[in-house]
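Q: turn this into a structure:
(chains A and B)
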Protein chains: 2
Amino acid sequence: MAKQSKQEFVQHITPRDENFSQWYTDVVKMADLMDYTPVRGCMALKPYGNRIWELIREGLDLRFQETGHENVSMPMLIPESLLLKEAEHVEGFAPEVAWVTQGGNEELTERLAIRPTSETMFCTMFSQWVQSWRDLPMKYNQWCSVMRWEKTTRPFLRTAEFWWQEGHTVHATAEEAQEETLLMLEVYRAFIEDVLCIPLFTGQKSEKEKFAGARATYSVEAMMQDGKALQAGTTHNFGTNFSVPFEVRYQNKEGVLEYCHETSWGVSTRLIGAIIMAHGDERGLKLPPGVAPFQAVILPIAAHKGNVMDTCHQAFEQLKQAGVRVKLDDRDNVSPGWKFNEWELKGVPLRLEIGPRDIQNGVASYMRRDTFEKGTLPLDKLAEGVKGLLNDIAREMFRIADEFRLSRTADVFNMEELGEQINVGYARAMWCGSCECEDKIKDQTSASSRNMPFDQTPFADKCVCCGEPAGRVMYFAKAY
Amino acid sequence: MAKQSKQEFVQHITPRDENFSQWYTDVVKMADLMDYTPVRGCMALKPYGNRIWELIREGLDLRFQETGHENVSMPMLIPESLLLKEAEHVEGFAPEVAWVTQGGNEELTERLAIRPTSETMFCTMFSQWVQSWRDLPMKYNQWCSVMRWEKTTRPFLRTAEFWWQEGHTVHATAEEAQEETLLMLEVYRAFIEDVLCIPLFTGQKSEKEKFAGARATYSVEAMMQDGKALQAGTTHNFGTNFSVPFEVRYQNKEGVLEYCHETSWGVSTRLIGAIIMAHGDERGLKLPPGVAPFQAVILPIAAHKGNVMDTCHQAFEQLKQAGVRVKLDDRDNVSPGWKFNEWELKGVPLRLEIGPRDIQNGVASYMRRDTFEKGTLPLDKLAEGVKGLLNDIAREMFRIADEFRLSRTADVFNMEELGEQINVGYARAMWCGSCECEDKIKDQTSASSRNMPFDQTPFADKCVCCGEPAGRVMYFAKAY
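A: Down below sits the predicted model:
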């Protein structure tokens, strides 16, 4: 029975090496994270997927608060006239906006956009909320969903509606705005690396790839197991690009009106896609302990015997008390083998089995999802043991992903090398900084510039593309 | 200075007795809970108001989990064809729907509604998710915002967009659906009475006032300080009204396909309006400790002296460690008097003052926002003292509100008495159950039926309106 169930599960997952894209779709569906809906490109987050997002939200929200941000909730609709105020911004977003044109039985006199992002709404409100230097900095964030009318969509990676947070801040000086932009990039980096166990390339976007309306955009870029890049988060320094058209001004200590300096930054449910593709394997999802809805699952073995169920309940209580997110799977209509496969598919970091022999030995048997390593933990110190293992698992998941990332990153010195390397992973190249070379690279190799690392020490002197003198270090990769 | 500031604050708040409606608007604006936006009828929740909603959300979400519910996230758009599937439902909501008709540069072939509520989307997904009796009950909830194109709006009470939760559950039997409907009513009652300190009338809505598409609607109704009713939450038993058109069916243990029985239930940011109008006074907001962003505020007195600031910081840490939401107001550009008024306006339940004399006596001085009672607490047991006072405050706030409610509720036996009583508060009346009498009462007195209490012991035998035999006890009141 156990063997049969295992095969049944594994049959449904396309092997990663055979078709990574299909493997991804299989895992998303089979792990019961989301479902398609009758609205084109819009997904429903099912309880398991939604819980992962809630845990990401809780973890990040705490870090936002610790760095002095407050949450607000803005309207989901934005009048067209507001969207039009910043030229680059509207050019970037207008083609993918969903428009409300009717309210009740009336035609509206002005179209309303479902927010694709909320810079224009925040700036409108900031122009009323900010008066004096005493009001600054104003550091707000909101958790919501936004809508971008995308042509082709993929679960979590690119959907018409997606869930995200958008931070929007207002500062007195250019320096403070830049500081904030880099601070939030670091908050993202720390969370994604430490909690999601995904190593990142951190740096600045090119002029071409920056956010519509930003002076400078920074990003954290992850590497998926097919070597492709996934932009996991961005932070933008707007300078006064928005504060001038929206008249966001403050009176400085001398009583003079000055334009504010603004930033915004966001991460989205895309992070769930990143988790799947950075860590998953042939058996399914592999969740980092920090955002696993269940960090450990307890499976009773020979549940009908002696004190097996009692011991399982005690173990459950002990772990719950200690703050471990734990599930006791006491279903009696499926075999242990079925459960093994199901929880592996769902990526639960630690499986605990408790049967008569374990009880006799005063232990719980465990299996780590990351390494499949097995062992035992003393029942009387189960919580301690589990917490230690969960820490190990997180560390090991990061280490493995980082090893992979480094093995798939190389310096390239000409277009041929670049073309080869981007089939493997990231190419680090010297670049002249011209948009023409970026376009040419995109055309010839389908790789895009990802970001310029903060360490800009040149390792060659010629642009990988045009051969002209090059002062910039840039990562290139194929991207999601 | 203190006196001057006080006057300045009080000047802005219209007295409650003079103009309750204007008093409400003043408090909402001055306590900095929300702001109007350029989108008609849509508000922005500012940090203080948003935080109250977050605390309501956290408190309720825990209770939803404890009663076996899981969170999901559904699309915000609903195709028109889905909305049309249940006749009563579409009739109730179609006039107030905002329609998306354009995506990017294309005209859509089918209009998409911004969800006014999500029964139709949940049912569509349930029809795919529910297969067998083993899948039931399926008990989901989502936190989101919804849109109803209202003609006249008021902050928190009636806005085009508002934030809420909507629970949607699927059951095998009519009994289980009814049990769920009453269970969630009780969850709402307990939360609103125990945490928001607002006493409620709990019962069933009339046929006329029930939710569009429901078999039965139950509500919790609060009384505001002007004697008017505010519907604070509703739960609906749909029976098979939605499961038939949406084909939500399950295979029972005998292998036969049966229609499911469904419920839904929701509360919204309206609860913030209820808090304001149930508890607020001439000085502003009066927040129940359970959802106060700051439960206590510490004000240093003569901050420059000796160890005042050190002691304040220690007190702050002690309270924070103990889980009290505490703010240390160390601003030096406003006077203590100004701070007193500001935190009273913002409704912080407990004000703590620490000055040289307090420190000498080893105490903090306090003032309760609810009773303005003053006293002292030993500094070395500050957390204990504060927690005790917060509990007292919550109890007392409920007691006062309940006393008010009872003093404004009376039995009425004819239309004249009813007409008088609804100018004061709630009228309890015997009612024949006909919609005609409900309409007539509405026309003549502007009072609507609120709900039928579970205790239906008759206290007269004739309908308050038509004089025919009456078997139902019904509360009538003017309502928000």
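Q: quick one: secondary structure of the residue nearest the centre of chain A?
A: For chain A, the residue nearest the mean C-alpha position is A:L271 (2.1 Å; Cα atoms, centre = their mean). Using DSSP: H, G, I helix; E, B strand; the rest coil, the secondary structure recorded for A:L271 is helix.
Q: for it, list the residues it contacts.
A: Counting by Cβ atoms under 8 Å, 6 or more residues apart in numbering or on different chains, A:L271 touches A:56, A:192, A:196, A:232-233. Glycine gets a C-beta too; all of them are placed from N, C-alpha and C.
Q: hmm, which of those residues are the buried ones?
A: Buried members of the contacts of A:L271, counted by 16 or more other Cβ atoms under 10 Å in any protein chain shown: A:56, A:192, A:196, A:232-233.
Q: want to throw these into a markdown table with distance to A:G355?
A: Below are these laid out as a markdown table (distance: Cβ to Cβ, whole Å):
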| residue | distance to A:G355 |
| --- | --- |
| A:I56 | 35 |
| A:I192 | 38 |
| A:L196 | 34 |
| A:A232 | 41 |
| A:G233 | 44 |
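Q: the closest residue to chain B within the stretch 201-350 of chain A - nearest residue in space that isn't next to it in sequence?
A: Of all residues in the stretch 201-350 of chain A, A:N333 sits closest to chain B, at 7.5 Å by Cβ to the nearest Cβ. Once flanking residues are discounted, A:N333 sits nearest to B:R134: 7.5 Å by Cβ to Cβ, 6 or more residues apart in numbering or on different chains.
Q: and that neighbour, how far from A:R331?
A: Taken as Cβ to Cβ, to the nearest Å, the spacing of B:R134 relative to A:R331 amounts to 10 Å.
Q: which one's more surrounded, the two?
A: When neighbours are counted by other Cβ atoms under 10 Å in any protein chain shown, B:R134 and A:R331 differ, and A:R331 comes out ahead with 14 against 11.
Q: how far does the longest helix belonging to chain A sit from its chain's centre?
A: Selection of the longest helix in chain A by residue count, based on DSSP state H, yields helix A:382-407. Remark: helix A:382-407 is offset 19 Å from the chain centroid, using Cα atoms, centre = their mean, to the nearest Å.
Q: strand partners (parallel or antiparallel) of the helix or strand following that helix?
A: Once the chain leaves helix A:382-407, the next helix or strand it forms, by DSSP states H and E, is strand A:409-412. Partner strands for strand A:409-412, per DSSP bridges, with pairing direction: strand A:426-431 (parallel).
Q: what's the angle from the partner strand to helix A:382-407?
A: 50 degrees (axes from the mean of the first three to the mean of the last three Cα atoms, to 10 degrees).
Q: run through who's touching strand A:426-431.
A: Counting by Cβ under 8 Å, 6+ apart, A:201, A:223, A:227, A:229, A:405, A:408-413, A:417-418, A:421, A:437-438, A:447, A:449-450, A:458-465, A:470, A:472-477 sit against strand A:426-431.
Q: cross those residues against strands and list the overlap.
A: The members of the contacts of strand A:426-431 that map onto strands under DSSP state E are A:201, A:223, A:229, A:409-412, A:449, A:472-477.
Q: widest-spaced pair of those?
A: A:M223 and A:R472 (20.7 Å; Cβ to Cβ).
Q: the more surrounded of these two?
A: Shown here are A:M223 and A:R472; by other Cβ under 10 Å, A:M223 has more neighbours (28 against 16).
Q: let's have the contacts of A:L271 in a markdown table, adding pLDDT.
A: A markdown table is the format used below for the contacts of A:L271 (pLDDT from 0 to 100):
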| residue | pLDDT |
| --- | --- |
| A:I56 | 98 |
| A:I192 | 98 |
| A:L196 | 98 |
| A:A232 | 98 |
| A:G233 | 98 |
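Q: among those, which are in strands?
A: A:232-233.
Q: closest one to B:E186 out of the contacts of A:L271, please.
A: Among the contacts of A:L271, and counting by Cβ to Cβ, the member closest to B:E186 is A:I56, at 32.3 Å.
Q: against chain B, how distant is that closest one?
A: 13 Å (Cβ to the nearest Cβ, to the nearest Å).
Q: is it true that that residue touches A:V291?
A: Yes: contact criterion Cβ atoms under 8 Å: A:I56 and A:V291 qualify, at 5.6 Å.
Q: closest to B:I78 out of the buried ones among the contacts of A:L271?
A: Using Cβ to Cβ, the buried ones among the contacts of A:L271 come closest to B:I78 at A:I56, 26.4 Å.
Q: which residue ranges form the strands in the stretch 1-150 of chain A?
A: For the stretch 1-150 of chain A, the strands defined by DSSP state E, counting those that start in this stretch occupy A:34-36, A:43-45, A:70-71, A:77-79, A:98-103, A:106-114, A:138-147.
Q: how about the second one against chain B, any contact?
A: Going back to what we said before, that points to strand A:43-45. Yes: using Cβ under 8 Å from any Cβ of the partner chain, we find that strand A:43-45 touches chain B at A:43-45.
Q: before we move on, what about the shortest one?
A: Yes: part of strand A:70-71 sits near chain B under the criterion Cβ under 8 Å from any Cβ, namely A:70-71.
Q: over to the last one?
A: Yes: looking at strand A:138-147 against chain B by Cβ under 8 Å from any Cβ, the contacts come from A:140, A:144-145, A:147.
Q: the inter-axis angle of that strand versus strand B:98-103?
A: Going by the same axes, to 10 degrees, strand A:138-147 makes 70 degrees with strand B:98-103.
Q: can you tell me how far A:C465 sits from chain B?
A: The gap separating A:C465 from chain B is 32 Å, by Cβ to the nearest Cβ.
Q: from the residues of strand A:138-147 next to chain B, which is closest to chain B?
A: Of all the residues of strand A:138-147 next to chain B, A:S145 has the smallest distance to chain B: 6.2 Å, by Cβ to the nearest Cβ.
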